[in-house]
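K.L.:
just to be clear, the model below is a prediction. Sequence and coordinates:
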Amino acid sequence: MEHDEAVRIFSLHPAVEVLSPQPEDLAELGLILLRFDDGETIGLNPELIPPAGPGETEEAFIERVHLELDARRGSSEDDERGPESALPAPRSADYFLPRAGARLGQVGRLTDFIGVALAIDEPNALRMVMERDLPADRGELDDFQLLSRAVVNLHDMEDDGLALREVGLGPDVVAVTSPYGHEVAWFADLGTMGQVLQACGAQSGSEWVAIPAARNDLLLVNSATEQWEPVLEMLETKVEARDGIHPVPHVVREGRWVRYIPPLQEPLWRRFQTLRLRSENVIHAPQRNFLQESLLESGESEVDYVAEFNGAASETEIFSWAAVSLALERTSIPRVDRVFFAEGESGHRVSFDDLRARLPHLVMPHPGTYPPRYIVLRPSEEELTRLF
C-alpha cells in the first residue's frame with residue numbers, strides 16, 4: 001500500500017493517531033509511526049499490507065486494514081528478537097548515511113551502490129536493525145556471520161526457495177515473489193542468485209540478469225529478450241522512488257555482483273545508459289550533500305571541496321564526469337568516467353582511468369565514503385602537460 005494512502009486510512013481508525021511530524025529516521029526507512037489511544041506506539045511499514053484485491057470495495061479494504069492494525073496492537077510486547085533473527089535487507093548506499101542522529105546498520109556491500117542491512121519482521125512492524133543495535137566493536141568477520149545468519153533465515157522462511165512469476169511480458173521477464181515485502185532479500189544471497197540465473201540461461205540459451213529495482217521488486221530478465229522497452233519504462237519510474245534501490249541490470253561474476261548493460265540497439269542503449277547515470281546520481285547526491293555540509297560545519301577537512309556527480313552525452317556516448325578546480329589543493333570526486341580540470345571558464349578533460357594510470361600519486365581513496373569517492377590533488381604545471 002502506498003505511503004500517503006496508508007496515512008489516510010490509518011487516520012480513519014478511531015483509536016489510532018498518525019504522529020506528526022514523523023521521526024525522520026523511521027520515515028526514511030518507510031515506516032509510519034502510530035499511537036493508539038492507550039498510549040502504545042508502533043512503527044508500521046505499509047508496504048507489508050497487501051493492496052486492495054480485485055473486486056474488493058474501498059469500505060472492505062479499509063475495514064481489512066483496520067483489522068490488521070487491531071491485530072498488531074500489543075502483539076510485540078514480548079517480542080524482542082535481535083539481529084540473529086533478521087533477514088538480509090539490500091538498500092542503496094545512501095540509506096547508510098546518518099539520518100536524524102541514527103544510522104542504519106550495514107553488514108555488507110554488494111556493489112559500489114548497494115549495501116546490505118538487516119530487517120526483523122516483528123508482529124507489529126518491519127524493524128530495521130540500526131547501527132546502535134549492533135555490537136560496537138564488531139569486525140568484518142562479525143558482519144559476515146550476521147549476514148550469513150540472515151541468509152539462512154531467509155531460506156528457513158522459504159522452504160521451497162526462490163519463487164518466480166511472470167509480470168505480463170512473457171517468460172523472459174519474471175519477478176521474485178516471496179517472502180512478501182522482502183523479495184529483494186535474495187539479492188544478498190549471491191550463491192542462490194548465481195544458480196538461478198545460470199539455470200535460466202541454460203534453459204534459454206542466453207544470459208539472464210537480476211535487477212534490484214525496489215525493496216520488494218527484484219526482476220530477472222533474459223538479456224536477449226525483445227521486451228526491453230517495456231522493462232525500461234518500468235525501471236525509469238523506479239529511479240527516484242522512495243523505496244528504490246538501484247534499477248540497473250547485474251550479473252554474478254566470480255562470486256560478485258557486476259553491473260551489466262546488454263548490447264542493445266539505439267535508442268534503447270542510450271536510454272539504459274541514461275538510466276544508469278540517473279540512478280547513480282540519486283545515490284551520489286545525498287552523500288555529496290552530507291559531506292559538503294560536514295565540511296562547512298566543521299571548517300576542517302581532508303578536502304577543500306566535495307564535487308558533484310554529473311552526466312553528459314554526445315552522439316556516440318553517455319558518460320559521467322566531475323570537476324576539479326585548479327584553484328584548490330584537494331578535491332573529493334565520485335568514481336566517474338571523466339575528470340574535468342577547470343581553470344576559470346576553461347579546462348581539460350581526461351578519463352579517470354588515464355589519470356590514475358599516468359599520475360597515480362594524485363589520486364587516493366576518500367576514507368569512509370560509500371559509494372567510494374577519491375581525493376584528487378591539484379596537479380603541477382608539469383603534470384598537466386603530461387596529462388594533456
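P.N.:
Looks like it came in fine. Residues are numbered from 1 along each chain as shown.
K.L.:
now do residue 25, the pLDDT please.
P.N.:
For residue 25, the pLDDT comes out at 59.
K.L.:
kindly report the same for the one 3 residues further on.
P.N.:
You'll see residue 28 listed with a pLDDT of 62.
K.L.:
next: the one 10 residues further on.
P.N.:
The predicted structure scores residue 38 at 77 on the pLDDT scale.
K.L.:
sec struct for it, please.
P.N.:
Secondary structure, DSSP: H, G, I helix; E, B strand; the rest coil: residue 38 is coil.
K.L.:
what about it, how many neighbours?
P.N.:
Applying other CB atoms under 10 Å, we find 8 residues neighbouring residue 38. For glycine as for every other residue, the C-beta is placed from the backbone atoms N, C-alpha and C.
K.L.:
against residue 69, how distant is the nearest residue to it once chain neighbours are set aside?
P.N.:
Sequence neighbours aside, residue 15 is the residue nearest to residue 38 in space, at 8.0 Å (criterion: CB to CB, 6 or more residues apart in numbering). From residue 15 across to residue 69, the span is 8 Å (CB to CB, to the nearest Å).
K.L.:
repeat for residue 274
P.N.:
Remark: distance between residue 274 and residue 69 (CB to CB) = 42 Å.
K.L.:
next: residue 373.
P.N.:
In this view, residue 373 and residue 69 are 43 Å apart by CB to CB.
K.L.:
please enumerate the strands of the stretch 101-250 of the chain.
P.N.:
With strands called from DSSP state E, counting those that start in this stretch, the stretch 101-250 of the chain shows them at 108-109, 114-122, 125-128, 164-166, 173-176, 208-214, 217-222, 250-253.
K.L.:
format those strands as TSV; extra columns: mean neighbour count.
P.N.:
Shown next, in TSV, are those (neighbours: other CB atoms under 10 Å):
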stretch	mean neighbour count
strand 108-109	18
strand 114-122	23
strand 125-128	22
strand 164-166	12
strand 173-176	21
strand 208-214	24
strand 217-222	23
strand 250-253	18
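K.L.:
out of those strands, nearest to residue 21?
P.N.:
With CB to CB as the measure, strand 125-128 is the member of these nearest residue 21 (18.7 Å).
K.L.:
model confidence over the closest one, on average?
P.N.:
The predicted model assigns strand 125-128 a mean pLDDT of 71.
K.L.:
what residue is smack in the middle of the chain?
P.N.:
residue 92 (1.8 Å; CA atoms, centre = their mean).
K.L.:
and the pLDDT at that one?
P.N.:
Looking at residue 92, the pLDDT reads 94.
K.L.:
and it, backbone torsions?
P.N.:
When read as degrees, to the nearest 10, the backbone of residue 92 gives phi -70, psi 150.
K.L.:
hey, what's it bridged with?
P.N.:
residue 114 (DSSP bridges).
K.L.:
if you count surrounding residues, which of residue 373 and residue 69 has more?
P.N.:
Under the criterion of other CB under 10 Å, the comparison of residue 373 against residue 69 puts residue 373 first, with 25 against 19.
K.L.:
ok so, going back, redo the strands of the stretch 101-250 of the chain as a markdown table? Include distance to residue 307.
P.N.:
Shown next, in a markdown table, are the strands of the stretch 101-250 of the chain (distance: least, CB to CB, whole Å):
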| stretch | distance to residue 307 |
| --- | --- |
| strand 108-109 | 22 |
| strand 114-122 | 22 |
| strand 125-128 | 31 |
| strand 164-166 | 42 |
| strand 173-176 | 37 |
| strand 208-214 | 27 |
| strand 217-222 | 32 |
| strand 250-253 | 27 |
